[in-house]
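Participant: Provided below for reference: sequence and predicted model.
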Amino acid sequence: MRRRQARPGRFARRWPATAGAVMAPLLGAALLVAAGAAAQSAAATPARPGVVSSRVIGHSAGGRAITAYEMGDPASPIKAVLLGQMHGDEHAGVTVANALLTGGRAITGIDLWVIPTMNPDGNAANTRANARGVDLNRNWPDYWVRDQTRCYTGPDPLIRAGGCDSGSAPLSEPETRAMYAFLKKLKPRYLVSLHQPLNAVDSAGGDARNHAFRDRVARGLGLPVKPLVCWSFCHGSMTGWLADHTATIAVTAEFPAAVSATRLRSAGAGIVTAMGGRFVTARSRDPVLKVAHATSPAPGVASLDGYAYDLDARSTALTVTVVEGGARIASAKTSVTSAAVNRAARLAGRHGYRFTFAAKPGRHRYCLIARNVGAGVADTKVCRTVTVAAATVAAPVATAPGVAASTQVGRPAAAAPAASAPVSASP
């Protein structure tokens, strides 16, 4: 929960000078978290077919991973974030986030990052604060004050057990540092932060930056729009930091204390639509694989060429494998550049392949498989039939003495090498 009244005039120093000595090492640690997380990515799984990639952006005070899942189109200029939970005793947003991740649909039109919780310790313990007793929505470098007593002094429903500590300094908590570094690097256009139990979309502070987006979120979630304020002024909040220090349009949405699971499972669609995204089938995000030619260019030789790409990784060379029956013949990454393909599909890099390999004479059923590296439900498989001719050798014709020799149709040569030995693979 939140929130803030209209802000006082901006001033250069957002936190007490005594915190300055603490900030440098904390910010350095945050940037290291972001750099280390970049390498930790994975494509979709059967349980999450709409996920393009995932990365651990940091760890909680208790050592639990904080994971961000990428959905949508990574090439989209519209970067967006859905944060399911900051306060561990507010679980509605976690349900919304997980329903999006496991709903079986992919997203296009935006590059959406879904973070079910940035407070996994509080979520596990059902406490507002993290494992160190700090309210993560009072720990941001925006009008931060040291506060251990004034978080909640008003009537229900704002009185909560624990979680009234703003931390020893801005970004003192590993969870806040991880999220801070992630947002600094991503620079999202939109962010929606889900809370409970105030039953409204906030109209105060940073939430008033873009009325149209705020109102679209409210309509999508079926929530009224009204100001959600702290008792005097909300210090150290995430949306406050986003409003005062970034170009991100951040909205806080609060579900009521009691809300049905059915409503929560459908709520993500309203948020995605408000951000400008739309849903497509997960299968439509499988790799594209085309076979341009499947021929036998010479006796005892088979050749396959074409192109393969994944719209979730437009500059990534895909691994293409050739199999016959259960036998693998060749495998390599795409390495042939096609300006026409790149232009038509808005790609970059090399996406063409070409395999040439020895094959026995006769009909062969070759299947090519392009490995999925993003959203979707499976690798893509395409099969083609190739008839390989037998190699021939010339047979001399018997002649009478003094008559010149001639040639006739050749006879079959010895069988070509086994197909499992590729002559060349330059995909």
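Facilitator: Everything's here; your move.

Participant: any idea which element residue 229 lies in?
Facilitator: Secondary structure assignment for residue 229, by DSSP states H and E: no helix or strand.

Participant: Kindly report the same for residue 242.
Facilitator: Per DSSP H and E: helix 238-245 holds residue 242.

Participant: what distance separates that helix from the centre of its chain?
Facilitator: Relative to the chain's own centre, helix 238-245 is displaced by 24 Å; criterion: Cα atoms, centre = their mean, to the nearest Å.

Participant: now residue 279, which residues is it bridged with?
Facilitator: Under DSSP bridges, the beta-bridge partners of residue 279 are residue 107.

Participant: measure it to residue 305 for me?
Facilitator: Relative to residue 305, residue 279 is positioned 35 Å away (Cβ to Cβ, to the nearest Å). Quick note: C-beta positions are derived from backbone N, CA and C, even for glycine.

Participant: now the helix or strand harbouring residue 343: how far from the chain's centre is it?
Facilitator: If you go by DSSP H and E, residue 343 is part of helix 339-345. Relative to the centre of its chain, helix 339-345 is centred 24 Å away, using Cα atoms, centre = their mean.

Participant: immediately after that helix, which helix or strand?
Facilitator: Sequence-wise, the next helix or strand downstream of helix 339-345 (DSSP H and E) is strand 352-358.

Participant: Indicate each strand paired with the very next helix or strand once past that following strand and its parallel or antiparallel sense.
Facilitator: Next along the chain after strand 352-358, taking DSSP H and E as the criterion, comes strand 362-370. Note on strand 362-370: by DSSP bridges, its sheet partners are strand 319-324 (antiparallel), strand 380-388 (antiparallel).

Participant: What lies in contact with strand 362-370?
Facilitator: Strand 362-370 has contacts (Cβ atoms under 8 Å, 6 or more residues apart in numbering) with 287-289, 291, 294, 302, 304, 306, 308, 310, 318-325, 329, 353, 379-388, 419.

Participant: which residues of the stretch 51-200 of the chain score low on pLDDT?
Facilitator: 147-164 (pLDDT under 70).

Participant: So which residues of it form helices?
Facilitator: 92-102, 120-125, 174-186 (DSSP state H, counting those that start in this stretch).

Participant: Please verify my assumption that residue 58 contacts residue 183.
Facilitator: No: using Cβ atoms under 8 Å, residue 58 is not in contact with residue 183; the gap is 11.9 Å.

Participant: before we move on, back to that, nearest to residue 168, of the helices of the stretch 51-200 of the chain?
Facilitator: Of all the helices of the stretch 51-200 of the chain, helix 174-186 sits nearest to residue 168, with 11.9 Å by Cβ to Cβ.

Participant: Show me which residues of the closest one are buried.
Facilitator: Residues of helix 174-186 classed as buried under the neighbour-count rule (16 or more other Cβ atoms under 10 Å) are 174-183, 186.

Participant: check contacts around the most centrally placed residue in the chain.
Facilitator: The residue lying closest to the centre of the chain (Cα atoms, centre = their mean) is residue 70, at 1.8 Å. By Cβ under 8 Å, 6+ apart, the residues touching residue 70 are 51-55, 111-113.

Participant: Please apply the same query to residue 88.
Facilitator: Residue 88 makes contact with 117, 119, 121-130, according to Cβ under 8 Å, 6+ apart.

Participant: Out of the residues you listed, which comes closest to residue 204?
Facilitator: Taking these together and measuring to residue 204 by Cβ to Cβ, the closest member is residue 128, at 20.6 Å.

Participant: thought that closest one was touching residue 134?
Facilitator: No: look at residue 128 against residue 134 with Cβ under 8 Å: they stay out of range, at 9.8 Å.

Participant: quick one: average pLDDT of the helix holding residue 343?
Facilitator: For helix 339-345, mean pLDDT rounds to 93.

Participant: Same list, the buried residues of helix 174-186, but as JSON lines with distance to residue 66 please.
Facilitator: Output for those, formatted as JSON lines (distance: Cβ to Cβ, whole Å):
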{"residue": "174", "distance to residue 66": "9"}
{"residue": "175", "distance to residue 66": "6"}
{"residue": "176", "distance to residue 66": "10"}
{"residue": "177", "distance to residue 66": "10"}
{"residue": "178", "distance to residue 66": "5"}
{"residue": "179", "distance to residue 66": "7"}
{"residue": "180", "distance to residue 66": "12"}
{"residue": "181", "distance to residue 66": "11"}
{"residue": "182", "distance to residue 66": "9"}
{"residue": "183", "distance to residue 66": "13"}
{"residue": "186", "distance to residue 66": "14"}
